[in-house]
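S.K.: no sequence on this one, just coordinates:
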């Protein structure tokens, strides 16, 4: 979908290294620059809050999945009722879809960056790639649901066996976070279309989305190894 | 008001210490072979904790007394030695103190948990269930019969789910609601939970251990003094938790043998 | 020049009532909402404790009107054993989550962290607003369990499996009550995670020009460190609660082993691990108690410094020590499980970090004491509660020496010794931190002073009362008084009942004394003496706001610029013995020796 504009949108300055009152040349992160010996006017560089924010959020999400991983390991180790099963093959297709969505997201992100830098020629495509990412993400979620149906057909439900319990819990937890990511992507698309998108928002959303990939690879390996 | 506060802190600190020093409310006397190390550890810890408590409260009180109220012209002073002294004091005094406690405490703990039961320890099984303890003695054949969870029935008084009709080992098992042990004899207590989490606590015996459903745990002890004691549950298990207890009788060997005979007749 | 600290969506001041007071994006309003929530919660929690204490002193006493609270929990106004446990569980859950995590951290932190770093608001105001409302919904879900047929869960705030996971067969409240409890806590975790997100990002990215990390006040450091703990701890409890709910409603067996027989029925679950719940819970649970106390340490340090008219002996050592507490708090959690049946070597392994955590705690107390030396201490309600905090923290902390050792835990686990320990540090010290913060910051938040006479009276009654209540708990514990008992059935506990009655009387009197605070709070809010911008002659940025209470964007047209360390007291300036952080005045300043 093309968005026709005549001007590149106003860019958000992320890295504003304004000079110090008395700059002795090393303005930057956490340094104390003596202004004139007595008064110390300290200058700090701060990254955009959404960047810090997303790392904080990813830390919390990682802890939750770490907790679920320990639960899985303990539960498997403690009892004799763990029944292995083969992972539904559609999971591998879903993985490819998710990885592809990260690729399309990166393409889109670079195009937006160029666009914001003032190059008009790439106007239409960032949105297109974002929509593609969104579609791939939705396909991933649909594919996960299909995987669940495949397991159901084998008679493996949430409570059937601890191994299947963890399969559903882990994929559901990941899937919910992916849905959140899709919401974030939707918001980015809306802001791009209304020309109110900030670089920092796009970067943060992308980082979250890529993390969903990394998390999924980790979960897939865990499930493959343990289930 | 500052001075009044200082005095209050001082008085409260002293008053708090009195029941401890007097042992007004204290642990029951130890009747176990492993308890002496625990009691010694307790006394040492009490001394260190007590001194730390009194010293710091008194220091707090003194400083509040001395350094409150602005005297005109008086400037603030720094603690002699500054923060460095304080940090080193913290590390050295407390660090040494707690490490000492930790290191010595290992011995008391290891003595109980890392020493296996003696080969001739008498096995007794205790089962915890909402809201009673039941005990099982293996009987003359020295073997416990198998437990069948599906056969457990309080209604039929088959607390352990024993198949006395078909299982020869189970026929001579003794199931009782009270625990008796001969004095000066090591007991190997096999712990089993029927339903939820419970715990086995006998203060005089210096023994406390949770029952964990799904895990077969055990502990061993030797009682050194004849008497009647109480076993209480200390892991919240439901509405009857407060009432979940059983009596432990430590008896002479002769009395114990008589008790076994009496219980066997009642089975 | 681009204003770097204004990455906040500059939200214009709200106009409608709903936007101003209900769904507000303003961190100050959100802070006050959290305070209000904690206030309601503490009154409920305290009321529950009165009911519990009356029952413990006089088990068969018919408490007038109790049947109105629950017809099957108190037939004829006499509390049933199960109802006691249900009230106890709710008392603890409400206090730990909705008072001790909410007031010192979410309430004061939300209000003052952005101001103390010199920002207009937090960077994610909508997430911040959501964090309050999500927490509030969590509270409603918890309270709802009072109104389901079976009543609230009776399994203690620790909800150990399998009792918490087997369902209604386990006892009254173990069906819907547990599900509501677990759902409430999971929702609470989400709310607090959103809050931690804002706190961390505010501290790292929203500091105004000149505000380096080392120029942050100790309260700001405490909130920052606490939010880091919250991030990791709540993120672990939430999946734990979800697994517990699944064991209830979906027939899974995460926590319930096989072959359980309840009421002569073999339970359908199989293979789950009882200890798994304990590990997941306590991995959260231990950091949680530091989440409850560290903001108090920050607040108390902040209040004390202002009233001692000198900075702490070492600002940096305090920060490092609080950070050390936070890090170590993750390594000690197994001390709640010494006799749980876990590997005895693990018990020893957990006991060493537990003993070592004494070191930063002691250093913090010694720095406070060392800073009192040579100070020019002012006595007012806020400083009294701050000093009381120190006394209570010492009292509660030394019992930790005992509980850190597995061999002693054999005698003290699950006794009133433990209950005494955590009530002194959490129920008293942390509460005193909240009181200190209230008396200190009330003028800034509401533009009025609280009544000093009533404040001091409140302090005296609370200080003496709290010792009278909780010191005896330690004696009871030494004598083997088991906890979570609704009545003292064992023979050896009979002689302890008189001491319980003494405690009950002390508790009711001390509880009544809190009504002085309630009255003072409400009266002063509307009719208190008008406050100036800086009634305590403080130096940190909250005292530099152009109006009191601060305007919508905290600092008006221009964000402050910071020229000084946070606690320049004992200097000679045009204002007296202090210079404010935002003041460009050049004075001979005190520097940290560390």
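M.R.: All right, it came through fine. Just so it is clear, the model here is predicted, and its values are computed rather than measured. Numbers count the residues shown, from 1 in each chain, chains lettered A, B, ... in the order given.

S.K.: which ones are touching residue 58?
M.R.: I went with chain A, as the question did not name one. A:207-208, A:211 (C-beta atoms under 8 Å, 6 or more residues apart in numbering or on different chains). C-betas here are computed from N, CA, C, even on glycine.

S.K.: Actually, chain B is the one I wanted.
M.R.: Residues in contact with residue B:58 (C-beta under 8 Å, 6+ apart) are B:9-10, B:13.

S.K.: try residue C:287
M.R.: Applying C-beta under 8 Å, 6+ apart to residue C:287 gives the contacts C:229-230, C:232-233, C:326, C:329-330, C:333.

S.K.: which among those residues gets closest to chain A?
M.R.: residue C:232 (5.0 Å; C-beta to the nearest C-beta).

S.K.: Tell me the pLDDT of that closest one.
M.R.: On the pLDDT scale, residue C:232 is placed at 95.

S.K.: what packs against the strand or helix carrying it?
M.R.: Under the criterion DSSP states H and E, the helix or strand holding residue C:232 is helix C:218-249. In terms of contacts (3 or more C-beta pairs under 8 Å, 6 or more residues apart in numbering or on different chains; DSSP states H and E), helix C:218-249 is packed against helix A:49-78, helix A:162-193, helix C:108-117, helix C:176-205, helix C:274-308, helix C:315-328.

S.K.: looking at chain B, which residue lies furthest from center?
M.R.: Centroid-distance maximum for chain B: residue B:73 at 57.8 Å, with C-alpha atoms, centre = their mean.

S.K.: Tell me if the very next helix or strand once past the helix holding residue C:232 is near chain B.
M.R.: As assigned by DSSP H and E, the chain's next helix or strand after helix C:218-249 is strand C:261-262. Yes. Strand C:261-262 is in contact with chain B by C-beta under 8 Å from any C-beta of the partner chain, via C:261-262.

S.K.: who touches strand C:261-262?
M.R.: So strand C:261-262 is contacted by B:129-130, B:149, B:152, B:161, B:194-196, C:166, C:169-170, C:267 (C-beta under 8 Å, 6+ apart).

S.K.: Check stretch C:130-137 too.
M.R.: Stretch C:130-137 has contacts (C-beta under 8 Å, 6+ apart) with C:23, C:30, C:33-34, C:37, C:98, C:102, C:106, C:187-188, C:190-192, C:194-195, C:198.

S.K.: quick revisit: top of the contacts of strand C:261-262 by neighbour count?
M.R.: Ranked by neighbour count (other C-beta atoms under 10 Å in any protein chain shown), those have residue B:196 at the top, with 31 neighbours.

S.K.: mind checking the SS state of it?
M.R.: Recorded secondary structure, residue B:196: coil (DSSP: H, G, I helix; E, B strand; the rest coil).

S.K.: The residue nearest to the spatial centre of chain B: which element?
M.R.: By C-alpha atoms, centre = their mean, the mean C-alpha position of chain B lies nearest to residue B:208, the distance being 3.8 Å. With secondary structure defined by DSSP H and E, residue B:208 is part of strand B:207-211.

S.K.: Report the inter-axis angle for that strand versus helix C:274-308.
M.R.: 120 degrees (axes from the mean of the first three to the mean of the last three C-alpha atoms, to 10 degrees).

S.K.: quick check: mean pLDDT across strand B:207-211?
M.R.: For strand B:207-211, mean pLDDT rounds to 97.

S.K.: do the same with stretch C:492-510
M.R.: On average, stretch C:492-510 scores 97.

S.K.: Pull the distance from that stretch to the chain's centre.
M.R.: Taking C-alpha atoms, centre = their mean, to the nearest Å, one finds the center of stretch C:492-510 at 26 Å from the center of the full chain.

S.K.: how about it: buried residues?
M.R.: By neighbour count on 16 or more other C-beta atoms under 10 Å in any protein chain shown, the buried set for stretch C:492-510 is C:492-493, C:496-497, C:499-500, C:503-504, C:506-508, C:510.

S.K.: got a list of what the spatially most central residue of chain C touches?
M.R.: Residue closest to the average C-alpha location in chain C (C-alpha atoms, centre = their mean): residue C:100, at 1.9 Å. Taking C-beta under 8 Å, 6+ apart, we find residue C:100 in contact with C:292, C:426, C:430-431.

S.K.: Could you do residue C:308 as well?
M.R.: B:67, B:76, C:371-372, C:375-378, C:569.

S.K.: got a markdown table for these, with secondary structure and distance to chain A too?
M.R.: As requested, the contacts of residue C:308 are exported to a markdown table (DSSP: H, G, I helix; E, B strand; the rest coil; distance: C-beta to the nearest C-beta, whole Å):
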| residue | secondary structure | distance to chain A |
| --- | --- | --- |
| B:67 | helix | 30 |
| B:76 | coil | 22 |
| C:371 | helix | 24 |
| C:372 | helix | 29 |
| C:375 | coil | 26 |
| C:376 | coil | 26 |
| C:377 | strand | 29 |
| C:378 | coil | 29 |
| C:569 | strand | 18 |
